[in-house]
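Visitor: predicted model, plus sequence, below.
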Amino acid sequence: MNVFFNQLFDYNFYCNKKLIEECAKMDAIPEKSMQLFSHILNAHHIWNCRIIGKKPTYGVWDVHSIENWEDIHYENQRSSFEIVTNADDFEKRIDYENSKGRLFTNNVNDILFHITNHSTHHRGQILMDFRKNGIEPPSLDYIFYKR
């Protein structure tokens, strides 16, 4: 399981880094893309915090300036790799409250997969927003990453 999650988080790291690099070249990042990428970073942070039992620093929809994206992204990645490396039971159940205060329980395996899947979903929305704003989006397909 460790190898699988390490590969997923490597891919996630690569894609987010590519988006940060693309946005750094822009004179103005589309507002929706700023909101969505900040949300990706926040959600990753929040899920990591839930797994390790720490209070999150960011809210779900906090918006970060691009100058902070790389640091938040790196810390998310470091924390996820630490979680994967130290996990002795991927079926361990985690109790948490969602952003509306409702109590849920999921296992570590499902949460880790959700982090990367959630990021992929919102990156797709960002790429559509790029296109809508006349910006050619980078190709972030997994198979291109693996080539």
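Guide: Perfect, I can see it now.
Visitor: tell me, what's the model's pLDDT at the closest residue to residue 142 other than its chain neighbours?
Guide: Excluding its sequence neighbours, the residue lying closest to residue 142 (Cβ to Cβ, 6 or more residues apart in numbering) is residue 11, at 6.0 Å. C-beta here means a position set from N, CA and C on the backbone, and glycine is covered the same way. Residue 11 is assigned a predicted lDDT (pLDDT) of 98.
Visitor: check residue 1 too.
Guide: 83.
Visitor: the residue nearest to it when sequence neighbours are not counted: neighbour count?
Guide: Excluding its sequence neighbours, the residue lying closest to residue 1 (Cβ to Cβ, 6+ apart) is residue 90, at 5.0 Å. Close neighbours of residue 90, defined as other Cβ atoms under 10 Å, add up to 17.
Visitor: and residue 123, by the same measure?
Guide: Counted with other Cβ under 10 Å, residue 123 comes out at 22.
Visitor: I'd like to know which elements the helix or strand hosting it is packed against.
Guide: Using DSSP states H and E, residue 123 maps to helix 108-132. Judged by 3 or more Cβ pairs under 8 Å, 6 or more residues apart in numbering; DSSP states H and E, the packing partners of helix 108-132 are helix 2-24, helix 31-52, helix 66-86.
Visitor: so the residue nearest to residue 142 sits right up against residue 117, yeah?
Guide: No - look at residue 11 against residue 117 with Cβ atoms under 8 Å: they stay out of range, at 11.3 Å.
Visitor: no more questions from me, cheers.
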